[in-house]
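S.K.: Sequence first, then the predicted structure, then my questions.
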Amino acid sequence: MSDASPILWWVRRDLRLADNPALASACGSGRPVVPVFIHDDSVAALGAAAKWRLGLGVEHLARTLGARNSRLILRRGDALTTLRSLVAETGAGAVIWSRAYDPDSIARDKAVKAALTADGIEVRSVPGFLLFEPWTVETGQGAFYRVYTPFWKAVRERPVAEPQPAPGIIPRPERWPATEEIESWRMGAAMRRGAAVVARHACVGEEAAQDRLAAFVEARIADYKARRDFPAANATSHLSENLTCGEISPRALWHAGLSAMVAGKAGAEHFLKEIVWREFAWHLMWHSPHIATANWREGWDSFPWSTDETAAGVLAWKQGRTGIPLVDAGMREMYVTGRMHNRTRMIVASYLTKHLMTHWQVGLKWFADHLTDWDPAANAMGWQWVAGSGPDAAPYFRIFNPVSQAEKFDPDHAYLDAWIAEGRVRPSDTALSYFEAVPPSWGLSPADRYPAPVVSAEEGRRRALAAYEARSG
């Protein structure tokens, strides 16, 4: 990138200025930089909550760039067609972007790179979304890792570059191309009335993400390992929504955790392990992309899961009305905040796939539509890990008992009280918010009687064990 023509910085899941290798490279060239976000098919395909949350992040980045005497150009359409139009309008000689690792993005990016290169445009994709490029982590036999613990041991001592500050100057072009108005995209339309509820819990933008990380390291990381499984405790970082939108870099999280560990904060190493868990999910998706849509392990296609999304039990699960309080509390937390505590996610997923014997794809699709922190690799690996078809050595033994899990991790019912309104004399504001967020067509009211269990913990476990043992036998 040596001439004086502008560079198009194609913004994707990197909605930040600090520690952004693509932006840093573009600015370092000294050439004018034209930031552009494209609402292409990959954006259109997002679930309701993820698309809405991405839209908030894009709006925030546009304001941030505006304050830096720059601008975010918004266009809707096919990525290649749009980039070619912008090259023609701006005279750009190069395009740069942060690398993506899901199968659809890889296919799109390869086609874009080949076509633009053939047009005589310099194209460069750079890392920034992960700590380690998936193809650089190999077993001693040159294969990819299929189990987390060996993966963790392989990368825990690897050097990770320090996060870099935002560029001092973002060189601007003499003339800006036209931009669309993000309001016309209606990225939150599918959220309907739920958007106003979830917005109360969103933490949008680079500055908010950095503040959130600093607060976590200062006050909670020391107790992270000991308290992270208690869903009512404010013990986790809550950074998942920021990380999935690229409002903070994984290197920033890694070095914050590393510094805390050096300072003797007991929970810091476990926080680093959770960052690497995300890396492992993307490692698996890059090496075995079928994990996104099909059983990762061989031999699971004949397992007798139901795929009936309209079954009474599945509807009760979707509505947070299974009669199992911890499962229902988790689903309601998702509808109100756009997120769900990790311990509860596992229990919710286990209840669907094991107690209700419903295919993990049903749950994966539902989460994709309702999580603001949706991550395709983590979502796919998490669902399959719980279901048994994914990277886990002894799947049928892992049938979470939602009753004993509540007794262990919510002994004073603080989490249940926060999210279940029925039967409470004075329901919490968060529990009541659930009824504001869900579709009116569900016809639900906090005055309703709390339902009896669709499937009891004991009955569901017996049925699941029978099916898993029949498969293994």
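M.R.: Received the coordinates, thanks.
S.K.: Show me the contact partners of stretch 380-395.
M.R.: 146-148, 280-281, 284-285, 291-293, 295-297, 300, 303, 305, 345-346, 349-350, 353-354, 360-361, 363-364, 367, 396, 398, 400, 468 (C-beta atoms under 8 Å, 6 or more residues apart in numbering). (Each C-beta comes from the backbone N, C-alpha and C, glycine too.)
S.K.: just the helices in the stretch 201-350 of the chain please.
M.R.: In the stretch 201-350 of the chain, the helices defined using DSSP state H, counting those that start in this stretch lie at 206-219, 224-227, 240-244, 250-262, 268-287, 312-319, 325-337, 342-350.
S.K.: Can you add mean pLDDT and mean neighbour count and give those back as TSV?
M.R.: What follows is the helices of the stretch 201-350 of the chain, written out as TSV (pLDDT from 0 to 100; neighbours: other C-beta atoms under 10 Å):
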stretch	mean pLDDT	mean neighbour count
helix 206-219	98	17
helix 224-227	98	17
helix 240-244	98	25
helix 250-262	98	19
helix 268-287	98	21
helix 312-319	98	19
helix 325-337	98	26
helix 342-350	97	23
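S.K.: And the ones you listed: which comes nearest residue 125?
M.R.: helix 268-287 (13.9 Å; C-beta to C-beta).
S.K.: residue ranges of the strands in this structure, please?
M.R.: 7-11, 33-39, 73-76, 94-98, 122-126 (DSSP state E).
S.K.: thinking residue 181 is in contact with residue 76, fair?
M.R.: No - applying C-beta atoms under 8 Å, one finds residue 181 not in contact with residue 76, separated by 10.5 Å.
S.K.: neighbour count winner among the two?
M.R.: residue 76 (15 against 7; other C-beta atoms under 10 Å).
S.K.: any idea how this protein splits into domains?
M.R.: Following automatic domain parsing, the chain resolves into domains at 1-128, 130-161+192-287, 312-472.
S.K.: Present these as JSON lines; the columns should include distance to residue 176.
M.R.: Listed next are the domains of the chain as JSON lines, based on distance: least, C-beta to C-beta, whole Å:
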{"stretch": "domain 1-128", "distance to residue 176": "6"}
{"stretch": "domain 130-161+192-287", "distance to residue 176": "22"}
{"stretch": "domain 312-472", "distance to residue 176": "31"}
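S.K.: gap between the nearest residue to residue 62 once chain neighbours are set aside and residue 245?
M.R.: Computed as C-beta to C-beta, 6 or more residues apart in numbering, the closest residue to residue 62 that is not its neighbour in sequence is residue 72, at 4.0 Å. Residue 72 is 14 Å from residue 245, where distance means C-beta to C-beta, to the nearest Å.
S.K.: One more: residue 360?
M.R.: 25 Å.
S.K.: quick one, which of these two is more surrounded?
M.R.: Taking other C-beta under 10 Å, residue 360 and residue 245 do not tie; residue 245 has more neighbours (27 against 24).
S.K.: for the closest residue to that one other than its chain neighbours, what are its contacts?
M.R.: Excluding the flanking residues, the one nearest residue 245 by C-beta to C-beta, 6+ apart is residue 57, at 4.3 Å. Residue 57 makes contact with 15, 204-205, 245, 247, according to C-beta under 8 Å, 6+ apart.
S.K.: now residue 433
M.R.: With the criterion set at C-beta under 8 Å, 6+ apart, residue 433 makes contact with 197, 200, 336.
S.K.: What is the least confident helix or strand in this protein?
M.R.: helix 457-472 (a mean of 86; mean pLDDT, DSSP states H and E).
S.K.: Of all the residues in that helix, which ones are buried?
M.R.: Across helix 457-472, burial judged by 16 or more other C-beta atoms under 10 Å covers 457, 460-461, 463-464, 467-468.
S.K.: what do you get for stretch 285-297?
M.R.: Applying 16+ other C-beta under 10 Å to stretch 285-297 flags 285-287, 289, 291-292, 295-297 as buried.
S.K.: again, but for stretch 101-109
M.R.: Quick answer for stretch 101-109 (16+ other C-beta under 10 Å): 101-103, 105, 108-109.
S.K.: Which pair of those spans the longest distance?
M.R.: Across those (C-beta to C-beta), the longest gap, 12.2 Å, separates 101 and 108.
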